[in-house]
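[1] Can you look at this prediction? I've put the sequence above it.
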Amino acid sequence: MARTTKAKEARDVRASLALLWGEQDRPTRGPKPSLTPHRIAEAAVALADAEGLEAVSMNKVAGTFGVSAMALYRYVPGKAELVELMIEAVLAERPDLSAAGDGWRPRLTEWARRSWGVYQAHPWLLTATAMRRQAMGPRQLDWLDAALAALEPTGLTAAQRHQVFLLVVGLIRNLAQQLLDFDEEQDQEWNRLTGELLDRHADRFPALTRAVAAGAFGPAAEDPLTFGLDRILDGVQTLIDREGPGAG
């Protein structure tokens, strides 16, 4: 049974990759397909943008085309594969970072800003790209390759470059989570209740009380992405300098 299950999972992954890369077998006979995986993914993206990823179902997407859910399974095996197609659909082609200037830092900064723009436009992307082993299409790999290429002039090891990439992606995902969770009304209520608590218990939390009084939890004076990136990339530059001359 275990072998059968593993074999089925392997076949499913291969089918997902074939779908993402446009390498699936196409029927040579019969009527021309009325839909395509790309059109289905675009409809699902529009639905997720409007109502969130949880609102996306094969039934709802099928309804936008006036067909039954069963009709979609001819093109997309299920929701997991549909979500992978949606990720590909919202990513532009490989980002051209050459206009950002020479050097690893401006190019990686430009990469991060473009990536953050995609997350802002499609908040559901955070859930869709949860940190797990998933089938990745050519556009996802293009973005990964572009980031790693920007880091090659640093002279850092391949493992270090990958770790830097993960730090930058982690910052972007953290900001995306804040964006997803933010509710202005709830935020104001939280601030009010927390303020009342600290008024009563200021002696127990003196550092927190001083920080709140100084505006620590007010609107950020600097763009959070710029602040976070600068701190990360300053650390990367320190690592480059420590690794020796000729690394930058």
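    Received it, and whenever you're ready, just let me know what you need. Model, not experiment: these values are computed from the prediction.
[2] and the lengthiest helix in the chain, what other elements does it pack with?
    Ranked by residue count, the top helix of the chain under DSSP state H comes out as helix 158-181. Here helix 158-181 touches helix 104-121, helix 125-128, helix 138-151, helix 224-243, going by 3 or more C-beta pairs under 8 Å, 6 or more residues apart in numbering; DSSP states H and E. Glycine gets a C-beta too; all of them are placed from N, C-alpha and C.
[3] For it, buried residues please.
    160-161, 164-165, 167-169, 171-173, 175-176 (16 or more other C-beta atoms under 10 Å).
[4] ok so, going back, so which of the helices and strands packed on helix 158-181 gets nearest L53?
    helix 125-128 (5.2 Å; C-beta to C-beta).
[5] And the contacts of the closest one?
    Helix 125-128 is contacted by residues 53, 83, 86-87, 90, 118-119, 173, 176-177, 180 when judged by C-beta atoms under 8 Å, 6 or more residues apart in numbering.
[6] again, but for stretch 168-184
    Identification of contacts with stretch 168-184 by C-beta under 8 Å, 6+ apart yields 108, 111-112, 115-116, 119-120, 123, 125-126, 147, 224-225, 228-229, 232.
[7] which of those has the most neighbours?
    Ranked by the number of neighbours (other C-beta atoms under 10 Å), the contacts of stretch 168-184 place L108 first, at 26 neighbours.
[8] what's the spacing between that residue and Q140?
    Noted for L108: a distance of 18 Å to Q140, by C-beta to C-beta, to the nearest Å.
[9] do P95 as well
    P95 sits 12 Å away from Q140, going by C-beta to C-beta.
[10] Check which residues of stretch 73-92 are buried.
    75-76, 81-91.
[11] out of the residues you listed, which are inside helices?
    Using DSSP H, the buried residues of stretch 73-92 in helices are 81-90.
[12] farthest pair in the residues you listed?
    Longest span within these, C-beta to C-beta: E81 and V90, 15.7 Å.
[13] closest to V45 among the buried residues of helix 158-181?
    A176 (16.3 Å).
[14] How confident is the prediction for W143, by pLDDT?
    At W143, the pLDDT value in this model is 97.
[15] As a markdown table, the buried residues of stretch 73-92 with distance to L197 would be great.
    What follows is the buried residues of stretch 73-92, written out as a markdown table (distance: C-beta to C-beta, whole Å):
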| residue | distance to L197 |
| --- | --- |
| Y75 | 54 |
| V76 | 50 |
| E81 | 47 |
| L82 | 45 |
| V83 | 40 |
| E84 | 44 |
| L85 | 47 |
| M86 | 42 |
| I87 | 41 |
| E88 | 46 |
| A89 | 45 |
| V90 | 41 |
| L91 | 43 |
